[in-house]
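> predicted structure and sequence below. I'll ask about it afterward.
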Amino acid sequence: MDCKQIAEQDLLERYLLDQLTEQEREDLEQHYFGCAECFSQLQAALTLQSQLSRYPLPRAEVKGAFFRAAFLWIPALVSAVVLLAIGTWWYSARRHTVQQVVLPRPTTEPASLSPSASLEQLALVEPPPYKAVALRGIEDPAHEQFRAAMQSYSTGSYTRAIAGLRTAVKTEPDVPSFNFYLGTCYLLTGRTDSAVTLFRKTIELGDPAYSEQSHFYLAKIYLKNQDVAHARDELKSSISFHGSKEREAAEILRQLP
């Protein structure tokens, strides 16, 4: 993959919209981390995404005025090529209803419920909450990208959050919160293999709060796959931290067949 191919196929824009295949995404990431020009364009695009996310979406009757004002501001940050890509992304994103993942709470199991149906109920996932932490001083690029991505996460736009979280992890791979919430977004969008990898990485980083939750959500993945033995192990590991998930993990463990 080279710079010409990236420009001709709008790969940076599609990367931000999470529209690339796994192979395309890996090839692009390999390229831009070795290409200063493409990496700077991506950083500028993510910075612009962060700045635009601070403003409320305009009403339809003033949309034209909004874009004229936005495009007057953009040249100070990005090149003309990135302008076109981000403008297209912003317009496209507004045309879609914000993705919401509504995950019901487990209900009381009827006496006639089959074991597989019971496991499906126990495997239901509620998105872990996120509370923004105010940092003193100027944020580094990775934390700025993380903060912007978590604004999308907080509205249920998990697919949109993935691009910023992925770049934050690439920039600073050893931050537990980056890995945990990227794994969470993968889980909530059905990419369980990638979620497992990120949760395992989070556990390796050794932050107790995120390790506890990572074990808990790994258990959810195993329950979804009908793997009770591994789910039980992960629940016990989660309980051992005696943290926020202890009671819920213990209740699920009690209900396992």
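Ah, there it is. Residues are numbered from 1 along each chain as shown.
> for the rest of this, base every contact and every neighbour count on C-alpha atoms.
OK.
> what residues does the helix or strand where Ile221 lies touch?
In this structure, Ile221 sits in helix 208-224 according to DSSP states H and E. Around helix 208-224, the neighbours that count as contacts under C-alpha atoms under 8 Å, 6 or more residues apart in numbering are 119-120, 122-125, 176-177, 180, 192, 196, 199-200, 202-203, 228, 230-235, 237-239, 241, 243, 245, 249.
> helices of the stretch 151-257 of the chain, residue ranges please.
Using DSSP state H, counting those that start in this stretch, the helices of the stretch 151-257 of the chain run over 158-171, 176-188, 192-205, 208-224, 228-239, 246-255.
> show me the shaky parts of the stretch 51-200 of the chain.
The model of the stretch 51-200 of the chain has pLDDT under 70 over residues 51-117, 134-138.
> change it to 50
57-63, 65-67, 69-84, 87, 90-91, 93-104, 106-113 (pLDDT under 50).
> that older thread, what mean pLDDT does the helix holding Ile221 get?
Here helix 208-224 scores 98 as its mean pLDDT.
> just say helix, strand or coil for Gln23.
Under DSSP: H, G, I helix; E, B strand; the rest coil, Gln23 falls in the helix class.
> count of neighbours near it?
Using other C-alpha atoms under 10 Å, Gln23 has 9 other residues around it.
> what about it, distance to Gln30?
Look at Gln23 and Gln30: by C-alpha to C-alpha, to the nearest Å, they are 11 Å apart.
> Phe199 now?
For Phe199 relative to Gln30 (C-alpha to C-alpha), the value is 23 Å.
> now the helix holding Ile221 against helix 228-239, angle please.
160 degrees (axes from the mean of the first three to the mean of the last three C-alpha atoms, to 10 degrees).
> just the CA trace of helix 208-224, in CSV.
Extracted in CSV, the C-alpha atoms of helix 208-224 (Å, rounded to 0.1, in the frame of the first residue of the first chain):
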residue,chain,number,x,y,z
PRO,A,208,-6.7,-3.9,39.1
ALA,A,209,-9.9,-2.0,38.1
TYR,A,210,-9.6,-2.8,34.4
SER,A,211,-8.3,-6.3,35.0
GLU,A,212,-11.3,-7.2,37.1
GLN,A,213,-13.7,-5.9,34.4
SER,A,214,-11.7,-7.6,31.6
HIS,A,215,-12.0,-11.0,33.3
PHE,A,216,-15.8,-10.3,33.7
TYR,A,217,-16.3,-9.5,30.0
LEU,A,218,-14.2,-12.5,28.9
ALA,A,219,-16.6,-14.6,31.0
LYS,A,220,-19.5,-13.1,29.0
ILE,A,221,-17.8,-14.0,25.7
TYR,A,222,-17.3,-17.6,26.9
LEU,A,223,-20.9,-17.8,28.0
LYS,A,224,-22.0,-16.6,24.6
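> circling back to that earlier point, from the contacts of helix 208-224, list the buried ones, please.
Neighbour counting over those (16 or more other C-alpha atoms under 10 Å) leaves 119-120, 122-125, 176-177, 180, 192, 196, 199-200, 202-203, 228, 231-232, 234-235, 237-239, 245, 249 as the buried ones.
> elements contacting the helix or strand that contains His31?
His31 is located in helix 22-32, with elements delineated by DSSP H and E. Packing partners of helix 22-32 (3 or more C-alpha pairs under 8 Å, 6 or more residues apart in numbering; DSSP states H and E): helix 36-52.
> hang on, Leu235 packs against Arg247?
No. Leu235 is beyond contact range of Arg247, at 10.5 Å (criterion: C-alpha atoms under 8 Å).
> tell me the domain boundaries of this structure?
With automatic domain parsing as the criterion, the domains of the chain are listed as 3-94, 115-255.
> what's the most buried one of the ones you listed?
domain 115-255 (a mean of 19; mean count of other C-alpha atoms under 10 Å).
> ends of stretch 239-247, how far apart?
8 Å.
> contact partners of it?
For stretch 239-247, contacts defined as C-alpha under 8 Å, 6+ apart pick out Pro208, Ala209, Glu212, Gln213, Phe216, Ser238, Ala249, Ala250.
> got the contact list for Thr171?
Ala142.
> and it, how far is that from Pro141?
Counting by C-alpha to C-alpha - Thr171 and Pro141 are separated by 8 Å.
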